[in-house]
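>>> below is the structure, and that's it, no one-letter string:
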């Protein structure tokens, strides 16, 4: 039996253990309300590609919500 079949939090855990994810979540929690991409990127010194990838993953796992 695959772990994902009986443990729905495995996907979330896999996303959270990726590089930059914890620092990204910390940055989002410390911000006052919605933040622009550049506001998130600035203090982290993360590449735009990795930041976009991590934000997409967090959104797919419904850990964050994107407002346009």
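Okay, I see it. Computed from a predicted model, the values in this text were never measured in an experiment.

>>> ok, the most centrally placed residue in the chain to residue 37 distance?
Residue closest to the mean C-alpha point of the chain, counted by Cα atoms, centre = their mean, is residue 58 at 3.8 Å. Going from residue 58 to residue 37 by Cβ to Cβ, to the nearest Å gives 13 Å. Glycine gets a C-beta too; all of them are placed from N, C-alpha and C.

>>> check residue 56 too.
Remark: distance between residue 56 and residue 37 (Cβ to Cβ) = 12 Å.

>>> what's the answer for residue 25, then?
Residue 25 sits at a distance of 16 Å from residue 37 (criterion: Cβ to Cβ).

>>> so which of those two has more stuff around it?
Just comparing residue 25 and residue 37: by other Cβ atoms under 10 Å the higher neighbour count belongs to residue 25, 15 against 11.

>>> can you pull out the strands in the chain?
All residues of the chain lie outside strands when identified by DSSP state E.

>>> can you give me the helices for it?
With DSSP state H as the definition, the chain shows helices at residue ranges 3-6, 10-16, 21-30, 37-44, 48-60.

>>> let's have those helices in JSON lines, adding distance to residue 66.
What follows is these, written out as JSON lines (distance: least, Cβ to Cβ, whole Å):
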{"stretch": "helix 3-6", "distance to residue 66": "25"}
{"stretch": "helix 10-16", "distance to residue 66": "15"}
{"stretch": "helix 21-30", "distance to residue 66": "11"}
{"stretch": "helix 37-44", "distance to residue 66": "10"}
{"stretch": "helix 48-60", "distance to residue 66": "5"}
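
>>> all set, thanks.
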